Structures are given as structure tokens and as C-alpha cells.
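S.K.: the following comprises the amino acid sequence and a computationally predicted model.
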Amino acid sequence: MPVRSSRNLRQVRRVSWKLLAGVLVLAIVIAGLAWWLWPRSSQGGEGTANENMLFKMDASFTYRGSADNLPIENVAIRFPCPNIDNVAPPTYTTWSLLYQDNNGIIYDQPTENQYRGGRTAPLEILLYGVDPTPDGLRIYYRFDKLYPGEIFYITTSVQVPEENSSKLTLKIYGDNQERSSGTFSKYLLPDSGQPFEFPIDTSFWAQLSKKVDNTYETVETFSRTLDNYTWGNFRLYHS
């Protein structure tokens, strides 16, 4: 077996220490670069320009009834969509079905069996998404049937950079009366919006809220009540 001289061993150790020192310097540089590139919002203190603010929009369409209190079918609804200068940031929306009795008490409508009111089967969502309209982008839902007293309710979550948070709104872009808008109609392929066969009483409501600490503070609220309408694209007013 070959034997290394003490001189060779010293040279090997010298090279090993230089290599180790180089690796340590490189690791420190990489760690420092990672720290610098890491979003400032996760570090706390100064430099929170990239921090996002959380908002939510709650909105509802209520079918209050009609002369014969029949269900309405192939229902298409467009709700306001949170936007900044008519551009909608990414949103996440969930829906629920509620029922309001004659005493004004609101219940969750069960998803199966023991339905309230005239319902005998679960609500079927046929289409949903974000839809462009003359009033800007709108959150769109189309479903099979709605009964008197039922409330179709959505909650939309959205995050925007803190520096743009004051611009987020439900208003129609450029409307000098600062209104919002909503739409309801009957949907029959291949056409789009069509009137229902009979007038209905309905109401729209939409509210934008901002999360502050562990609660939500109201930013703006819009609503409108309509009687004897068969369909329409109408304005919602501050309330």
C-alpha cells in the first residue's frame, strides 16, 4: 500500500480547508440572496409593499314570489364582480341556497330531503363563471329552478395588493352615480336572456367587505327591490 509523505498530507489538508472555506462562503451568499428575494410581507416590520389585503363580496338574489307562486326555471343571474378600474382580480366563489319563511326567518335549504317551501329536489347548477357585460365583468350563475321564498347566495373571496386595495369596488366603471348592477332572466338555448312567463317579485343585494384583524369591515353595500318584473338588467343603489 502506498504511503503518503507528511508534506503531501499537509498539501492535501491545505487544499481541503480551502475547498471547505469556499463552500461555506458560497452557502452564505446563497442564503443572503434567498433572504433578499423572499417576499417582504413574510418578514414583518418594514417593507410590506407586497402584502395582500383580503376582501369578500356577499351577494344574494331573492325570489320573493309571484301571483301564483310558481317556480321559475332556467334562471340566469349576474352579480356584481369586485374590480379595480374595470379589471377583475382572481376570485374564488362559493354558493348556497337559503329559504325565508313567511315570518322572515331565514334557513339553510337542505341539500336532500326535508326541503322547505315547494322544493322537491336539489338545486342544479348548469353554468357559472365570470361574464363580460356592457357594465363590465359580472359573476354569472345559471341553474335549473328557484322556488318562492328561496335565496341564492354567493360569497366571493379576493386578494389584492395593499397599494391597490382602496380601488377595489363593486361599482360600474365610469358611472357618475357610482351605482352597481345586476341581471336576472330566463335562459333558453340557443338564445341568451329571455323574459320569464310571468312577473315576479325579487330583490338583489351585494356587499363588499375588507378583512381587518380577525373581522370584516363593510366597504360598500348595494341593493334593489323589484316588483312585477319578468327580466332585466338594472342598477343597484347604495344602501
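M.R.: Yep, that arrived.

S.K.: how close does Gln207 get to Ser239?
M.R.: 9 Å (Cβ to Cβ, to the nearest Å). C-betas here are computed from N, CA, C, even on glycine.

S.K.: of these two, which one has the most company?
M.R.: Gln207 (19 against 11; other Cβ atoms under 10 Å).

S.K.: please give me every residue in contact with the more buried one.
M.R.: Met57, Asp58, Ala59, Thr218, Glu220, Thr221, Phe222 (Cβ atoms under 8 Å, 6 or more residues apart in numbering).

S.K.: which of the residues you listed are buried?
M.R.: Met57, Asp58, Ala59, Glu220, Thr221, Phe222 (16 or more other Cβ atoms under 10 Å).

S.K.: correct me, but the second one touches Ser157?
M.R.: Right, the one you point to is Asp58. No - using Cβ atoms under 8 Å as the test, Asp58 is too far from Ser157 to be in contact (10.4 Å).

S.K.: on the strand side of things, show who Tyr107 bridges to.
M.R.: Taking DSSP bridges as the rule, Tyr107 bridges to Tyr99.

S.K.: ah, wrong one, I meant Asn52
M.R.: Here Asn52, judged by DSSP bridges, has bridge partners Pro161.

S.K.: that one: how many residues sit nearby?
M.R.: Neighbour number of Asn52 under other Cβ under 10 Å is 15.

S.K.: do Glu112 as well
M.R.: 7.

S.K.: the spatially most central residue of the chain: what secondary structure?
M.R.: In the chain, the centroid-proximal residue (Cα atoms, centre = their mean) is Thr156; its distance is 2.6 Å. Classification of Thr156 using DSSP: H, G, I helix; E, B strand; the rest coil returns strand.

S.K.: kindly report the same for Ser165.
M.R.: Under three-state DSSP, Ser165 comes out as helix.
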